[in-house]
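In: I would like the atomic coordinates for the input below:
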Amino acid sequence: MRNFFACILSLYLILIPTQVWAHSNLTESIPAIDAVVKEDVKALQLTFNTDILKGSTFTLANEAGQAIAVDTIQIDGPHLKGTTSVPLPNGKITVNWSIIGADGHLIHGNYQFTVQDEQTAANDGKKQTTITTDAATSVNEQQNTSKLDGDSLMLPIIVVVLGIAVIVLFFIMKKKDANS
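Out: Sure thing, here's the model as predicted:
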């Protein structure tokens, strides 16, 4: 009986940790995180460490928090690509992404980059928008956040509880064997 529990515990320690933390993460983006881009931007690409599934998407917002239309979104393995019909405006752009990873979990995150295209600035002239303090604060509060949805947090909790139960049973059986 002792050998049985030792085998179970060994398998648990070897196999479970790799499954628990196998969530998809953003590994690369074009434009890059916190980059300052000095040319027209009409295409974005986000690359994750695993393939992503249908239903993955992203949205764009300017520094005032206003949505910027994304015309096309395409999923190609670990790549999430999107285009806009017009170049992005000058200023900070926030990319809010939501993907379904290869493990089936919904994962959210965001990042920012800045557009400083002199050609666009010359054409805009007086069209520059004023940023309200509230909108700027809300965008800054969201910067560099990434969270897991509630269902994906249940698995680690269950694994830890099961692990503790196996260890307790192992020591109970060991104590019974010693007393016999």
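In: so which elements touch the helix or strand hosting F170?
Out: Using DSSP states H and E, F170 falls within helix 150-179. Packed against helix 150-179, as judged by 3 or more CB pairs under 8 Å, 6 or more residues apart in numbering; DSSP states H and E, are the following elements: helix 2-20, strand 106-115. All C-beta atoms are positioned from the backbone trio N, CA, C, and that covers glycine.
In: average pLDDT for the longest one?
Out: What it means is helix 2-20. Averaged across helix 2-20, the pLDDT comes to 61.
In: now swap in the last one and tell me
Out: Per-residue pLDDT values across strand 106-115 average out to 94.
In: what angle sits between it and helix 150-179?
Out: Orientation of strand 106-115 against helix 150-179 (axes from the mean of the first three to the mean of the last three CA atoms, to 10 degrees) gives an angle of 130 degrees.
In: any buried residues in strand 106-115, and which?
Out: 106-107, 109-113, 115 (16 or more other CB atoms under 10 Å).
In: now render those as a markdown table, adding distance to P87.
Out: Formatted as a markdown table, these follow (distance: CB to CB, whole Å):
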| residue | distance to P87 |
| --- | --- |
| L106 | 31 |
| I107 | 29 |
| G109 | 24 |
| N110 | 21 |
| Y111 | 19 |
| Q112 | 17 |
| F113 | 14 |
| V115 | 8 |
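In: which pair of those residues spans the longest distance?
Out: The distance between the two most remote of the buried residues of strand 106-115 (CB to CB) is 28.9 Å, for L106 and V115.
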